[in-house]
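Chemist: please find the sequence and the predicted model below.
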Amino acid sequence: MSANENLEIQAREKAEVLTEDTRPGLLFKPDVDILEHPDAFVIFADLPGASEESVDIQLEKGVLTLDARVAESAGDHEPRYAEYREGGYHREFRISDEIDAAGVSAKMRDGVLELRLPKSAESRPRRIEVAAA
Amino acid sequence: MNPFLRHATRSPRPFPSLAREIQREMNHALRSFESGYHGPRGVYPPVNLSESAEGYVLTAELPGVSPEDIDVQIEGATVTLSGQRKVEYAAGDGVAVHRRERQSGNFRRAFELPAEIDLDKASARHKNGVLTLELPKSPAVQPRQIEIETR
């Protein structure tokens, strides 16, 4: 679909979020794609390591907050080498009033969250039929 | 000690500020010291490696990559990961893209582990966008307890 499909991907460091958080562990800002359809906004967020149950989404006072906790991988293995760090995710989005908060839905697949934020009926574009006189 | 250092690439800067360079190296060394964390090597996907007496566990963050788009090959002590990350959504008329941070494209990485892998017992799983390879060492290189006979 996209033109850059055959390019090599560049690995980037996860951006750390520095919050006034008393809970232990690291938090990262997830990469997102934000699309606007005529009837809804759709947000895709990369949350590797996060399960459906660990994701918490809040919409309050026009701010959509995305939180995910990731349990550190345990085991009797000794870490030898690391290119990425494990931690939770946190990102906030300012959302316009035109979102129908009750209709917000979310699903997870392969560590990617898909959030659908439907626009309220009044704010959807409408096509006005011109009647023949 | 570190099987992956040969993958380290650094963009050549003709006249780096020495002070900045030293600071950067120190920060880097400090972080590595704290957690074994080296940061991504520029090549996708970023991986972590851990080891036990029996084998290695290699994990890679591959969110949004479906298992059928990942190819894992093991030969001797060499593990090759390749595949494609597709970022697909129904684009079309009336769809505006406000942010595009998620990357798509091909990836390929090869790792040489310090010991040969037992191919028959190696396994892979993909969960929550993280690929985990369980790579048991071949029996020939595993430590063995030798019983001492008493007479």
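Modeler: Nice, I can see it.
Chemist: and stretch A:102-110 with chain B, contact?
Modeler: Yes - using Cβ under 8 Å from any Cβ of the partner chain, a contact is recorded between stretch A:102-110 and chain B, made by A:108-110. In this view, the C-beta of every residue, glycine as well, is placed from N, C-alpha and C.
Chemist: mind checking pLDDT for residue A:20?
Modeler: pLDDT recorded at residue A:20 is 65.
Chemist: returning to that earlier point: which of the residues of stretch A:102-110 next to chain B count as buried?
Modeler: For those, a burial check counting by 16 or more other Cβ atoms under 10 Å in any protein chain shown picks out A:108, A:110.
Chemist: for the residue of chain A found nearest chain B, give its distance to residue A:70.
Modeler: The minimum distance from chain A to chain B, using Cβ to the nearest Cβ, falls at residue A:111 (1.8 Å). According to Cβ to Cβ, to the nearest Å, residue A:111 and residue A:70 sit 10 Å apart.
Chemist: mutual contacts of those two, please.
Modeler: Both residue A:111 and residue A:70 are contacted by A:47, A:49-50, under the criterion Cβ atoms under 8 Å, 6 or more residues apart in numbering or on different chains.
Chemist: export these as CSV, with columns for pLDDT, neighbour count and secondary structure.
Modeler: As requested, those are exported to CSV (pLDDT from 0 to 100; neighbours: other Cβ atoms under 10 Å in any protein chain shown; DSSP: H, G, I helix; E, B strand; the rest coil):
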residue, pLDDT, neighbour count, secondary structure
A:47, 97, 26, coil
A:49, 94, 24, coil
A:50, 94, 26, coil
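Chemist: ok, which of those also contact chain B?
Modeler: Filtering the shared contacts of residue A:111 and residue A:70 for proximity to chain B by Cβ under 8 Å from any Cβ leaves A:47, A:49-50.
Chemist: which stretches of the chain aren't confidently modelled?
Modeler: By default, I'm working from chain A. By pLDDT under 70, the low-scoring segments of chain A are A:1-6, A:19-22, A:73-74, A:126.
Chemist: try chain B instead
Modeler: For chain B, the ranges with pLDDT under 70 are B:1-16, B:27-35, B:91.
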